[in-house]
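Chemist: This is the structure alone, sequence omitted:
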């Protein structure tokens, strides 16, 4: 097994995610109950769930689920989809299939740690950082300059975690063309797609733009159903999909059958669920705007709402620094935020004064009030 460093985010969450009183840095939207999800099912899928046989399922994924996933793409069909146990398994296996010694990858930072550390364990990697001084802009010339003759993968994530950045559709199309011209696989993490503040800024899915690109997605983030543990990759390169299937034989082999049926129900009701989740984010945003505009501590923060997704990455300007701030906050007030060290990169300089805050959980006012009280009494 490839040796990998500790996963900083998961290590931090292992300590605090289920013990902090206010989880104010969640990366997903408020989830729903099993009964709420089943209420969205048609008669056939509800019956399939109630009478489900708990045997093994197909390694590629339940055909009905893959059909529901494919319906969210313009060109990718059911036979262009393979399902995994969440996005993490998909990312891990895809990088192991695509990369090896002598290869090179380019990764845009900041990002979900595995997007960087898994390729780094396999080959040489060059990072290209989003620019925090230019609204997290991506410099396409720097991406082009980072490519080498042996570059096999360009890894991107929009809407970005943790910044919430969404690049322009023209720039995304330019990345696709650049990869196709060089014979590079674009690996596009699209797990927050559908939660753009302005729906007109929703990017096309990479697998629709190029037969060589891989679109990564999951039920966990935009749909708010992480307990299902269903992720997938859409890619119209059938030979590559077969290699992914063979790699999966060494990990989970197949998905949970109940989760596949429930994910199928969720995908069929995707528009309804996304409408619910976008409405929740729109309702929550004023509470965050009001908090960061509070005259009692506005000088401590530099806030910017995300373009998309359900997390933001504001600056903390207090003298003690963001690491001490986040540590004291969770220990003394039970409010969990993620400090910048969680998102540091081995590839590029990264901001050291940021923290991730989640906008997608119901009733964030309680956590924001606890944070405000702590700031007023402890500072």
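Modeler: Arrived safely, thanks for sending. Everything quoted here is computed from the prediction, not taken from an experiment. Numbers count the residues shown, from 1 in each chain.
Chemist: what about the closest residue to residue 320 other than its chain neighbours, helix or strand, and which?
Modeler: The shortest distance from residue 320 to any non-neighbouring residue, by Cβ to Cβ, 6 or more residues apart in numbering, is to residue 328 (7.9 Å). Yep, even glycine has a C-beta here, placed from its N, CA and C like the rest. Secondary structure assignment for residue 328, by DSSP states H and E: helix 322-333.
Chemist: who's in contact with that helix?
Modeler: By Cβ atoms under 8 Å, 6 or more residues apart in numbering, the list of residues contacting helix 322-333 from outside reads 16, 20-22, 316, 318, 320, 335-341, 352-355, 370-371, 373-374, 378.
Chemist: List only buried entries from the residues you listed.
Modeler: Taking 16 or more other Cβ atoms under 10 Å as the criterion, what is buried in these is 16, 20, 22, 316, 335-340, 353-355, 370-371, 374.
Chemist: Point out the ones among the residues you listed that are inside strands.
Modeler: Members of those lying in strands (criterion: DSSP state E): 22, 316, 335, 336, 338, 339, 355.
Chemist: need the residues you listed in a markdown table with pLDDT, can you?
Modeler: Shown next, in a markdown table, are those (pLDDT from 0 to 100):
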| residue | pLDDT |
| --- | --- |
| 22 | 96 |
| 316 | 97 |
| 335 | 97 |
| 336 | 97 |
| 338 | 97 |
| 339 | 97 |
| 355 | 98 |
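Chemist: What count of nearby residues applies to residue 264?
Modeler: When counting by other Cβ atoms under 10 Å, one arrives at 24 neighbours for residue 264.
Chemist: thinking it is in contact with residue 61, fair?
Modeler: No - contact criterion Cβ atoms under 8 Å: residue 264 and residue 61 do not qualify, at 9.7 Å.
Chemist: Widest-spaced pair of the ones in strands among the buried ones among the contacts of helix 322-333?
Modeler: 22 and 316 (17.0 Å; Cβ to Cβ).
Chemist: re the thing from before, buried sites along the helix holding residue 328?
Modeler: Across helix 322-333, burial judged by 16+ other Cβ under 10 Å covers 322, 323, 325, 326, 329, 330, 333.
Chemist: And the strands in the chain?
Modeler: With DSSP E as the criterion, the chain has strands spanning 22-23, 81-84, 104-109, 124-129, 151-157, 185-189, 214-218, 231-234, 301-302, 311-312, 315-316, 335-336, 338-339, 355-358.
Chemist: And the third one, how far out from the chain middle?
Modeler: To tie it back to what came earlier, the one meant is strand 104-109. The chain centroid and the centroid of strand 104-109 are separated by 16 Å, computed with Cα atoms, centre = their mean, to the nearest Å.
Chemist: same deal with the fifth one?
Modeler: Strand 151-157 sits 15 Å away from the centroid of its parent chain (Cα atoms, centre = their mean).
Chemist: Buried residues, stretch 234-253. List them.
Modeler: So stretch 234-253, judged by 16+ other Cβ under 10 Å, has buried residues 234, 235, 236, 237, 240, 241, 243, 244, 245, 247, 248, 252.
Chemist: and which of the residues you listed is nearest to residue 181?
Modeler: Nearest to residue 181, judged by Cβ to Cβ, of the buried residues of stretch 234-253 is residue 237 at 16.5 Å.
Chemist: Pull out the buried residues from stretch 207-222.
Modeler: For stretch 207-222, using 16+ other Cβ under 10 Å, the buried residues are 207-210, 212-222.
Chemist: Domain boundaries for the chain, per the record?
Modeler: Domain segmentation of the chain under the TED database yields 8-33+272-377, 34-269.
Chemist: most neighbours per residue, which of those domains?
Modeler: domain 34-269 (a mean of 19; mean count of other Cβ atoms under 10 Å).
Chemist: And the average pLDDT for it is what?
Modeler: In this model, domain 34-269 has a mean pLDDT of 97.
Chemist: For that domain, measure first residue to last.
Modeler: 14 Å (Cα to Cα, to the nearest Å).
Chemist: Next: stretch 329-342.
Modeler: End-to-end for stretch 329-342, by Cα to Cα: 16 Å.
Chemist: how distant is that stretch from the center of its chain?
Modeler: For stretch 329-342, the distance to the chain centre is 20 Å (Cα atoms, centre = their mean).
Chemist: and if you look at stretch 95-107?
Modeler: 21 Å.
Chemist: what's the spacing between the nearest residue to residue 8 once chain neighbours are set aside and residue 34?
Modeler: Distances taken as Cβ to Cβ, 6+ apart put residue 342 closest to residue 8, at 5.0 Å, once the chain neighbours are dropped. Per Cβ to Cβ, to the nearest Å, residue 342 is found 31 Å from residue 34.
Chemist: Repeat that for residue 129.
Modeler: Residue 129 is 41 Å from residue 34, by Cβ to Cβ.
Chemist: Let's test this: what are the backbone torsions at residue 235?
Modeler: Backbone torsions of residue 235, given as degrees, to the nearest 10, read phi -160, psi 130.
Chemist: re earlier: can you tell me which of the buried residues of helix 322-333 lies closest to residue 55?
Modeler: Out of the buried residues of helix 322-333, the member with the shortest distance to residue 55 (by Cβ to Cβ) is residue 330, at 43.2 Å.
Chemist: now that closest one: how far from residue 314?
Modeler: 17 Å.
Chemist: cool, residue 198 as well?
Modeler: 20 Å.
Chemist: repeat for residue 303
Modeler: In terms of Cβ to Cβ, residue 303 sits 5 Å off from residue 314.
Chemist: No further questions, thank you.
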